[in-house]
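Student: Provided below are the primary sequence and the corresponding predicted coordinates.
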Amino acid sequence: MNAPFVPAPAAGPRQPLRERGQHEVFCGLTSIIWLHRKMQDAFFLIVGSRTCAHLMQSAAGVMIFAEPRFATAVIDERDLAGMADVHDELDKVVARLLRRRPEIRMLVLVGSCPSEVIKLDLSKAAERLNRINFPAVRVINYSGSGIETTFTQGEDNFLAALSRDLPAEPAGAGPSLIVAGALADVVEDQFRRIFDALGIGPVAFLPPRASTALPHVGPNTKMLLAQPFLGETAKVLEGRGAVHLPAAFPLGEEGTTAWLKAAADAFGVDPDHFDAVTKAGRARARTAVEKHRATLAGKRIFFFPDSQLEPSMARFLAREAAMEIVEIGTPFLHRHHLAGEFELLPEDVFVSEGQDVDCQLDRCRAARPDLVVCGMGLANPLEAEGITTKWSIELVFTPVQGYEQAGDLAELFVRPFSRRARLQVEA
Ligand code: SF4
């Protein structure tokens, strides 16, 4: 067995430890679980294997309803024999689906490992289907393959595809705001009310709830990222003229205020008016987090790389709940988008980018943190070793952004401690 690697304290955000080894993360298909609930008239058709279908079934098992808005077109051995067959098969599946589900307005072809391995060009397939098939349906595509995406990169690829498809800003358009990143409807409504009260608008959320409500984009569009994992989406929107408003992400009272302030400053909102509009929400957020502070304060937390939300979560937990950060692992560190977070984190915080899972497990065991945030695959073995864990994917599924959710966000990290305390009492 290797000796545990103990990190050099110098590996802060400016010099993260870069690891390129085996990693354990869900693939981009997983993002369909929250995306299909967000866009009510879209259908996600995975072009994949039985493995992909099983993953989706088990991951989304609890959420399947009578007419799910996703499915898998299975590439079988016969299809693998020749490309022409796959395209024909796909056309037939799509035609059947759209006849049966006339309410679909956007069909999203999602690539997977098998479609990538056989080099099936889904952008060509989307182009062809747009030309020949159903005039009321727009077909787009993106890759959710495990070879190139983690689960949040799946959302990034989808939003990047959507951004390429946005209509161009009409001549003479005034300033507008796009908030990019899937947010729960309840969170979106809260933010919309705040933007309205601040006098910021028009505001569009990407993805919209209906594919027919795509916002326009151009040089007068300002862009606020609601999620830290949208590198590709931001690049596409910027390529189309949008101006990114850098800020910390809207997690906790401080992050939400910084995020809203970035928009307020860009739209020339008077600082006193900003304070007046946000004052009550800020106070509610502080009070809600305060309730959980006693449990979290002083506890040491270790993040394995999973969702790219890790630096933002760490900032919230360190500054608002007084937790101590042992390591912030993140699959990818977008320095520019995360600059607002690292300004608020201690300069010597230990950051690792990418993963070499065995080395990281060694570091984690050596550090004996009070709480580990990681993927499901690592959680069970670590729990068995007596280490308290939190599944990182829950942080993406749960509405956690904004003032009203700050208490829920803190509570997510309190729960593993309560669970362990209960287990110890029962044992
Ligand atoms: Fe597995 Fe790849 Fe399919 Fe994801 S896309 S379920 S990693 S085969």
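Tutor: Done, it's in.
Student: From now on I want contacts and neighbour counts done on CA atoms only, so please keep to that.
Tutor: OK.
Student: pLDDT (mean, whole number) over the longest helix seen in the chain?
Tutor: As assigned by DSSP state H, the longest helix anywhere in the chain is helix 271-296. For helix 271-296, the per-residue pLDDT values average out at 97.
Student: What's the first helix or strand after that helix?
Tutor: Counting by DSSP states H and E, the next helix or strand C-terminal to helix 271-296 is strand 300-303.
Student: Before we go further, residue 257 is sitting in a helix, right?
Tutor: Yes - if the criterion is DSSP: H, G, I helix; E, B strand; the rest coil, then residue 257 is within a helix.
Student: now the longest helix of the chain, how far from the centre of its chain.
Tutor: 24 Å (CA atoms, centre = their mean, to the nearest Å).
Student: which residues does residue 355 form a beta bridge with?
Tutor: Judged by DSSP bridges, the bridge partners of residue 355 are residue 20.
Student: ok, it to the ligand distance?
Tutor: According to CA to the nearest ligand atom, to the nearest Å, residue 355 and the ligand sit 17 Å apart.
Student: next one: residue 46
Tutor: Distance, residue 46 to the ligand, using CA to the nearest ligand atom: 9 Å.
Student: what do you get for residue 130?
Tutor: Separation of residue 130 from the ligand (CA to the nearest ligand atom): 24 Å.
Student: which stretches of the stretch 101-250 of the chain form helices?
Tutor: For the stretch 101-250 of the chain, helices defined by DSSP state H, counting those that start in this stretch occupy the ranges 113-117, 122-132, 151-164, 185-198, 231-239.
Student: Return the most buried member of these.
Tutor: Across the helices of the stretch 101-250 of the chain, the average number of neighbours (mean count of other CA atoms under 10 Å) peaks for helix 151-164, which reaches a mean of 24.
Student: Give the other helices and strands that it contacts.
Tutor: With contacts taken as 3 or more CA pairs under 8 Å, 6 or more residues apart in numbering; DSSP states H and E, helix 151-164 sits against helix 32-38, strand 138-143, helix 231-239.
Student: got CSV for these, with distance to the ligand and mean pLDDT too?
Tutor: What follows is the helices and strands packed on helix 151-164, written out as CSV (distance: least, CA to the nearest ligand atom, whole Å; pLDDT from 0 to 100):
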stretch, distance to the ligand, mean pLDDT
helix 32-38, 11, 88
strand 138-143, 9, 95
helix 231-239, 19, 98
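Student: out of these, which comes closest to residue 58?
Tutor: Taking CA to CA, helix 32-38 is the member of the helices and strands packed on helix 151-164 nearest to residue 58, at 10.8 Å.
Student: follow-up on the earlier one: save the helices and strands packed on helix 151-164 as TSV, and put in distance to residue 392 too.
Tutor: Formatted as TSV, those follow (distance: least, CA to CA, whole Å):
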stretch	distance to residue 392
helix 32-38	15
strand 138-143	22
helix 231-239	20
